[in-house]
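Q: sequence first, predicted model second:
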Amino acid sequence: MHRVTQGPKFTVARAEGVWLWDESGDRYLDGTASLWYCNVGHGRKEIADAVHRQMTELEAYTVYGDFANAPAIELSERLAAHAPVADPRVILSCGGGESIETAAKLARRYFAAVGAPERTHLISRTGGYHGLHGFGTGIIGMDRFREGFGPTVEDSSVVPHDSAAALEAEILRVGPERVAAFFAEPVIGAGGVYAPEPGYFEEVSRICRRYGVLFVADSVICGFARLGDWFGIERFGVRPDMLVFAKGVTSGYLPLGGVVVDGRIAEPFWNRPGNPFHHGTTYAGHPSCCAAAQANMDILEREDLFTVAREIEVQLESAVRTLEDHPLVEEVRAGTGVMAAVKLNAEAAERGVTSPDVFTEARSRGVVVRAIPETLLISPPLVITWEQIEHLVATVRGALDAVA
Ligand code: PLP
């Protein structure tokens with residue numbers, strides 16, 4: 001009986017680059033970068049060293065009232081310099097779900113501050129995942145994550161992820177004067193790797209502007225080179241009102257996230273005496289976490305993992321597409337970012353083969369992928385080589401053959 005969360009445990013003991021080792025010393029290829037975040041790979045000593053240096057200088061001090069610290073200020077400047085957001089301001093947090101809370105509350109608070117307090121409705125997309133805090137649970141595009149928790153965010157709704165027209169229809173149904181914000185991932189990650197149709201985000205962005213709805217891009221998975229640029233949304237040529245980030249900002253070495261906010265939205269609150277945005281957390285702007293982010297961003301830049309990711313994206317797509325001919329596979333989704341999904345077909349269901357079966361078989365063969373209902377997800381660190389991609393995909397094929 002383990003006392004750590006639920007279920008029997010597969011204990012990860014050590015990691016280096018794209019490799020993990022379990023307690024018995026067996027080695028596994030990390031085909032998911034842990035949970036979509038270890039973009040620079042495991043075991044980077046320079047991140048550990050930067051955190052150690054920071055910890056011996058100022059381990060922590062809460063950013064609160066007029067208290068700040070240099071690592072939080074410098075990191076915010078650096079993030080703002082790269083963010084495709086007008087007059088950007090940065091609100092730091094400890095992760096993705098926490099940043100979604102910030103964005104949702106700020107959207108509503110902004111409208112209250114500018115005399116439109118009835119704008120509270122939040123719209124998200126089918127398959128969209130925005131963490132499992134209060135607002136994230138309320139707006140998630142997968143019903144199973146809401147079941148049994150009682151009422152969550154009642155003035156919210158979910159629209160099909162592939163249709164800008166559906167967003168517009170929903171805004172008109174609710175009444176534009178009641179809608180605060182629209183939340184969308186550049187490429188849907190945890191919900192199954194769905195890239196937008198060409199032109200989708202331009203259209204969505206126009207619709208949001210037309211009706212005064214704030215566009216919040218949730219780049220928690222797509223940022224920090226997974227889509228080949230800083231925040232993932234650049235690829236689609238639009239500028240969101242808020243940009244939520246986490247995961248790859250530190251490659252997970254320490255927890256950190258945040259929201260880059262358009263200055264227009266931040267203005268009613270920024271540096272105002274008696275700031276009416278009563279929101280914040282103890283560890284936001286934690287200097288040691290900020291030091292990890294800086295060292296991680298140094299690696300992304302120095303090794304140009306942005307260009308590398310664009311190359312890996314092509315390699316990963318070509319390798320994973322070879323699974324399309326497998327008798328248990330219905331569809332492969334890949335080609336936008338270093339992420340891919342392999343959906344199992346009706347034949348698999350008839351034979352009683354589930355995605356967790358394939359996941360377990362692949363792991364027993366030394367490759368970690370992720371299972372969601374009927375689908376396997378692949379999102380390796382951005383330091384994976386072509387040979388390792390081939391090994392990953394060959395192992396998944398072997399696992400599919402074995403469970404068939
Ligand atoms: N948003 C997206 C797109 C995510 O993928 C996730 C986590 O997977 C979150 C938000 C929540 O982040 P966290 O788990 O750090 O709360």
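A: Structure received.

Q: who are the contact partners of the nearest residue to residue 48 once chain neighbours are set aside?
A: Sequence neighbours aside, residue 253 is the residue nearest to residue 48 in space, at 7.5 Å (criterion: Cβ to Cβ, 6 or more residues apart in numbering). Bear in mind the C-beta positions are built from the backbone N, C-alpha and C, glycine included. Contacts of residue 253 were listed using Cβ atoms under 8 Å, 6 or more residues apart in numbering, and they are 44, 47, 48, 51, 292, 295, 296.

Q: what's the answer for residue 179, then?
A: Counted by Cβ under 8 Å, 6+ apart, residue 179 has contacts 119, 121, 122, 123, 171, 211, 213.

Q: how many residues are close by the residue in the chain that the ligand sits nearest to?
A: Proximity of the chain to the ligand (Cβ to the nearest ligand atom) peaks at residue 96, 2.2 Å away. Residues within reach of residue 96, counting by other Cβ atoms under 10 Å, total 29.

Q: residue contacts, it?
A: Residue 96 touches 130, 131, 218, 220, 244, 245, 246, 247, 257, counting by Cβ under 8 Å, 6+ apart.

Q: rerun at 10 Å
A: 35-37, 129-133, 136, 218-221, 244-247, 249, 255, 257-258 (Cβ atoms under 10 Å, 6 or more residues apart in numbering).

Q: residue 298 now?
A: Counting by Cβ under 10 Å, 6+ apart, residue 298 has contacts 40, 46, 47, 50, 78.

Q: do I have it right that the second one meets residue 297?
A: No: using Cβ atoms under 10 Å, residue 46 makes no contact with residue 297, being 11.6 Å away.

Q: between those two, which one's more packed in?
A: Between residue 46 and residue 297, residue 297 has the larger neighbour count (other Cβ under 10 Å), namely 22 against 13.

Q: how far away is that one from residue 74?
A: For residue 297, the distance to residue 74 equals 11 Å [Cβ to Cβ, to the nearest Å].

Q: check residue 262 too.
A: 21 Å.

Q: cool, and residue 387?
A: Taken as Cβ to Cβ, the span from residue 387 to residue 74 is 38 Å.

Q: now do residue 57
A: 13 Å.

Q: same question, residue 12
A: Residue 12 is 32 Å from residue 74, by Cβ to Cβ.

Q: so which residues on this protein come close to the ligand?
A: For the chain, the contact set with the ligand under Cβ under 6 Å from any ligand atom comprises 35, 95-97, 100, 129-131, 185, 189-190, 218, 220-221, 246, 257.

Q: please save the CA atoms from stretch 17-35 in CSV.
A: Output of stretch 17-35 as CSV, limited to C-alpha atoms (Å, rounded to 0.1, in the frame of the first residue of the first chain):
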residue,chain,number,x,y,z
GLY,A,17,18.0,13.3,-21.4
VAL,A,18,15.1,11.3,-22.8
TRP,A,19,15.7,8.3,-20.5
LEU,A,20,14.1,7.2,-17.3
TRP,A,21,15.2,4.4,-14.9
ASP,A,22,13.0,2.6,-12.5
GLU,A,23,13.9,1.3,-9.1
SER,A,24,15.3,-2.0,-10.5
GLY,A,25,17.5,-0.1,-12.9
ASP,A,26,15.5,-0.8,-16.0
ARG,A,27,15.6,1.9,-18.6
TYR,A,28,12.7,3.5,-20.5
LEU,A,29,12.4,6.1,-23.2
ASP,A,30,10.3,9.0,-22.0
GLY,A,31,7.9,9.5,-24.9
THR,A,32,5.8,12.0,-23.1
ALA,A,33,8.4,14.4,-21.5
SER,A,34,6.8,13.5,-18.2
LEU,A,35,3.4,15.3,-18.5
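
Q: having no further points to raise, I will conclude here.
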